[in-house]
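Asker: Turn this into a structure:
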Amino acid sequence: MTREGKRIRKAREGVDRNAQYPVEEAVKILKQAAIAKFDETVEIAMNLGVDPRHADQMVRGVVNLPNGSGRTIRVAVFARGDKADEAKAAGAHIVGAEDLAEQVQKGKIDFDRCVATPDMMPLVGKLGKVLGPRNLMPNPKVGTVTADVTEAVKAAMGGSVEFRVEKAGILHAGVGKASFSEAALVENIKAFAQAVAKAKPSGAKGTFVKRMAISSTMGPGLKIEPSSVTAV
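Answerer: Sure, this is the predicted structure:
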């Protein structure tokens, strides 16, 4: 076994894969097990009692993590004129209109989030087949189709995280870095889980949050007691 393999095995020792941990305990174990040479990303996965093939069971939204995501987010903005200038002043990495659309059509997508002013949606709508599968399509429901581009850019760069349930009712997202304090990670996890709970669709029946787990990039998965995350 390689040295790295031994490190990973050691990190997973003492973790009961069948147990459900209170969120505070799970975060403590996660941080102890995050022994990679880089700052590991902390992810949350939630198994929801929905079938997203039905429109009234789709779960999506956005949450501002109180302690940020720890990621450097590159934001692209579709805008013209004064709104384009506003986006640049807010710190957007890429701003454009037809020129930006042409780059996207060619598969050159050098950004993590995409914002558009309402008047740009006829143009952006044509990019659905490219942006949609990457979960980058601007949407007014999550605040990425808006005339207030300054706020949208700052939110994206400051730690707002979009979420959208996938087939089989699974939802996952990054909620911080292993270098974050335990308190910061717990706060982010609770904020994310509560935002998902509030996004419960009208068609959801029975238990909404079935299972929840966190993990770091190289660490083991840790199941969380839903009751330890308030409002879930």
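Asker: pLDDT-wise, which helix or strand of this structure ranks last?
Answerer: helix 3-12 (a mean of 57; mean pLDDT, DSSP states H and E).
Asker: Name the strands paired with whichever helix or strand comes after it and say parallel or antiparallel.
Answerer: The helix or strand immediately downstream of helix 3-12 is strand 20-21, counting by DSSP states H and E. If you go by DSSP bridges, strand 20-21 pairs up with strand 222-224 (parallel).
Asker: pLDDT on the partner strand, on average?
Answerer: For strand 222-224, mean pLDDT rounds to 95.
Asker: That strand: how far from the chain's middle?
Answerer: Relative to its parent chain, strand 222-224 has a centroid offset of 18 Å by C-alpha atoms, centre = their mean, to the nearest Å.
Asker: Contacts for the host helix or strand of residue 162, please.
Answerer: Following DSSP H and E, one finds residue 162 within strand 160-164. With C-beta atoms under 8 Å, 6 or more residues apart in numbering as the test, strand 160-164 has contacts from 58-65, 69, 113, 135, 142-144, 171, 173-175, 192, 195-196, 199. Using the backbone N, CA and C atoms, a C-beta is placed for each residue, glycine as well.
Asker: Inside strands: which ones of these?
Answerer: Of the contacts of strand 160-164, the ones assigned to strands by DSSP state E are 60, 61, 62, 63, 64, 113, 171, 173, 174, 175.
Asker: ranking those by neighbours, who comes first?
Answerer: The residue in the ones in strands among the contacts of strand 160-164 with the most neighbours, by other C-beta atoms under 10 Å, is residue 175 (27 neighbours).
Asker: show me what contacts that one?
Answerer: The contact partners of residue 175, taken as C-beta under 8 Å, 6+ apart, are 42, 43, 44, 65, 69, 161, 185, 188, 189, 192, 214.
Asker: Residue 115 too?
Answerer: Going by C-beta under 8 Å, 6+ apart, residue 115 touches 75-79, 87, 92, 138, 144-146, 149, 152-153, 156.
Asker: Can you list which of these are found in helices?
Answerer: Of the positions in these, 87, 149, 152, 153, 156 sit in helices, assigned by DSSP state H.
Asker: quick one: the first one from residue 160, how far?
Answerer: Spatial separation of residue 87 from residue 160 under the definition C-beta to C-beta, to the nearest Å is 16 Å.
Asker: just how off-centre is stretch 25-36 within its chain?
Answerer: Computed by C-alpha atoms, centre = their mean, the chain-centroid distance of stretch 25-36 equals 20 Å.
Asker: list the buried ones in it?
Answerer: Within stretch 25-36, the residues that count as buried by 16 or more other C-beta atoms under 10 Å are 25, 26, 27, 28, 29, 30, 31, 33, 34, 35, 36.
Asker: which one of these is nearest residue 209?
Answerer: residue 26 (15.0 Å; C-beta to C-beta).
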